[in-house]
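Q: structure for this input, please:
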Amino acid sequence: MNDAPDQTENAPSPLSGEELRELIAPMIRGTLVERCGMELLSLSADGGVMTMPVAGNTQPAGLLHGGATIALAESVASFAAIVRAREVHGDGAQAVGTSVSALHHRSARAGVVTATCTSRHAGRQVASYLVDVHDEGGTLLSTITVQTMLLPPR
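A: Got it, this is the predicted structure:
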């Protein structure tokens, strides 16, 4: 029998709804997140879910722009990293992306895409995430890795 404590019992629950909006709203005013129409649906230090409309985020050929897809992935990963930074360094800590690597499998022409972010490494100075971006039908569009640096309050 394993007597080790269940780590999930002490893990903070993911933020969602009004609590999430109150945390994020001041951070996104006037940013690319706002301009691209991204919406954060859930968030924790272990990852999160964020959506973005295809409309307004396309390349001239009418397909979802790869750079917009990367911005969506980096945004959700960075928000998760901010939560991790605050767990480690306290209120006021921040996180910044240091490396992004994207593999685009397909693209979308319409609808909303969803980025699902999961933690791969959650250290005291660095946190790394894997982000899968799907279309409304569940088709995998892109696989993106994001590494972040966790910054203590200044």
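
Q: surely Leu151 is in contact with Gly97?
A: No - the pair Leu151 / Gly97 is not scored as a contact, 11.7 Å apart, by Cβ atoms under 8 Å. Yep, even glycine has a C-beta here, placed from its N, CA and C like the rest.

Q: the longest helix seen in the chain - contacts with which helices or strands?
A: Ranked by residue count and defined by DSSP state H, the top helix of the chain is helix 66-89. Taking 3 or more Cβ pairs under 8 Å, 6 or more residues apart in numbering; DSSP states H and E as contact, the helices and strands that helix 66-89 lies on are helix 32-35, strand 39-44, strand 47-53, strand 94-104, strand 112-122, strand 126-134, strand 140-151.

Q: so which of those comes closest to Pro60?
A: strand 94-104 (16.4 Å; Cβ to Cβ).

Q: list the buried residues in that closest one.
A: Neighbour-count burial for strand 94-104, counted by 16 or more other Cβ atoms under 10 Å, picks out 94-95, 97, 100, 102.

Q: also stretch 110-126?
A: Those would be 113-117, 119, 122, 126, for stretch 110-126 by 16+ other Cβ under 10 Å.

Q: stretch 57-64 too?
A: Going by neighbour count (16+ other Cβ under 10 Å), the buried part of stretch 57-64 is 57-58, 64.

Q: low pLDDT regions in this structure?
A: Residue ranges of the chain with pLDDT under 70: 1-17, 20.

Q: again, 90 this time
A: By pLDDT under 90, the low-scoring segments of the chain are 1-29.

Q: one step back: of all the helices and strands packed on helix 66-89, which one is nearest Val83?
A: Taking the helices and strands packed on helix 66-89 one by one with Cβ to Cβ, strand 39-44 is closest: 6.1 Å.

Q: that closest one packs against which elements?
A: When contacts are defined as 3+ Cβ pairs under 8 Å, 6+ apart, strand 39-44 sits against strand 15-16, helix 17-28, strand 47-53, helix 66-89.
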